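[1] Please find the sequence and the predicted model below.
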Amino acid sequence: MTKSYKASKPESKNMSGTDLDNSASTAVEHAYDSTHACKVCEQLKSREQQWWQARQRLIDLKERQMFWFGDNSLMMWLLWQLVSYVVVAIVLMLASKTLSFSLSIQQYVLIFALQTLVFIAAFVFKGNLANLLQNKIHRAQLKREQSFNEMMVLASDSLFPNVHAEAPLSLQRIYENNHHQLRLVSLHALLNHEIDAGRLILQQQTHADVLPLDLAEDELNDVADDIIYRSTVS
């Protein structure tokens, strides 16, 4: 019996050592997964911010295009030219009082004539200016699409697997599971891609898709608990 016990003792130690190695390996894998998940989450949050910034940049450029090169652009150009005359006149009057100098009528006429020439030159090259602005709009659109595509890639590695594994889930629950890192409207836009791909089913339709993002977020705040996503992935 003693010999049998002594013979089996090293085997017991070997098994214990293997278990310890497995436990250590599992702990390392969990730590790696956690670190990787945090890194992906930070990248996703960064891409979301870039997406919002590109969107806002695009809105500003389109508003500028509508103002300067829209259907009523001629009236706007003339109006702003009149405003610029008034502004320049006020600046010259204040400067003359502050710095104690005076300008003759001829000098005033010369200044306004130069201002008019600048306006005429800008108006003549209006088409070129419109093309430059249009190129900026194209770049902003490309940046917005690129940021969203990068969000999709990151979400496919982090957000979507968890949603499919735990579905059905409400939009509010998904928002909470992600520790409020992403905006509701960003989550909604990403999940809509899964719906279009047929991997998710939306239980309740909303008007958020046709609203500007800021207004869409206000609407989603009111109905986030009622928007349920169901997975079709087995």
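    Yep, that arrived.
[2] Report the next helix or strand after the host helix or strand of residue 95 in sequence order.
    According to DSSP states H and E, residue 95 maps onto helix 73-99. Per DSSP H and E, the first helix or strand lying C-terminal to helix 73-99 is helix 105-124.
[3] what's the neighbour count on residue 136?
    The local packing of residue 136 (other C-beta atoms under 10 Å) involves 16 other residues. Any C-beta I mention is one placed from the backbone N, CA and C, and that applies to glycine too.
[4] list the contacts for it?
    Residue 136 makes contact with residue 61 under the criterion C-beta atoms under 8 Å, 6 or more residues apart in numbering.
[5] Got the phi and psi for it?
    The phi/psi pair for residue 136 (degrees, to the nearest 10) reads phi -60, psi -40.
[6] Now do the phi/psi pair for residue 229.
    Here residue 229 shows phi and psi, under degrees, to the nearest 10, equal to phi -110, psi 130.
[7] scratch that, residue 225 is what I was asking about
    With angles defined as degrees, to the nearest 10, residue 225 sits at phi -70, psi -20.
[8] Pull up the gap between residue 122 and residue 115, please.
    Noted for residue 122: a distance of 11 Å to residue 115, by C-beta to C-beta, to the nearest Å.
[9] ugh, wrong one, I meant residue 153
    Applying C-beta to C-beta to residue 153 and residue 115 gives a distance of 52 Å.
[10] contacting residues around the nearest residue to residue 227 once chain neighbours are set aside?
    Spatially, and ignoring its direct neighbours in sequence, residue 227 is nearest to residue 171 (4.2 Å; C-beta to C-beta, 6 or more residues apart in numbering). With contact set as C-beta under 8 Å, 6+ apart, residue 171 has these partners: 184, 187, 188, 191, 220, 224, 225, 227, 229.
[11] my guess is the fourth one is in a strand, correct?
    Spelled out, it's residue 191. No. Going by DSSP: H, G, I helix; E, B strand; the rest coil, the assignment for residue 191 is helix, not a strand.
[12] ok, it - how many residues close by?
    As a burial measure, residue 191 scores 22 neighbours (other C-beta under 10 Å).
[13] how about it, what does it touch?
    Residue 191 touches 163, 171, 174, 200, 202, 229, counting by C-beta under 8 Å, 6+ apart.
[14] Is it correct that the last one is in contact with residue 172?
    I take that to be residue 229. No. The criterion here is C-beta atoms under 8 Å, and residue 229 misses it with residue 172 at 11.0 Å.
[15] Pick out whichever of these two has more residues nearby.
    Neighbours were counted for residue 229 and for residue 172 using other C-beta under 10 Å; residue 229 has more, 25 against 18.
[16] what comes into contact with stretch 47-54?
    140, 143, 144, 147, 148, 150, 151, 154, 182, 183, 186, 213.
[17] Would you report which members of these are assigned to helices?
    Counting by DSSP state H, the contacts of stretch 47-54 place 140, 143, 144, 147, 148, 150, 151, 154, 186, 213 in helices.
[18] The fourth one and residue 231: what is the separation?
    The spacing between residue 147 and residue 231, counted by C-beta to C-beta, is 26 Å.
[19] Counting neighbours, go ahead and name the busier of these two.
    Neighbours per residue (other C-beta under 10 Å) separate residue 147 from residue 231, with residue 147 holding more: 20 against 17.
[20] can you put the contacts of residue 171 in TSV and add pLDDT and distance to residue 129?
    As requested, the contacts of residue 171 are exported to TSV (pLDDT from 0 to 100; distance: C-beta to C-beta, whole Å):
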residue	pLDDT	distance to residue 129
184	86	39
187	88	39
188	87	37
191	89	41
220	81	39
224	81	44
225	81	49
227	84	44
229	87	46
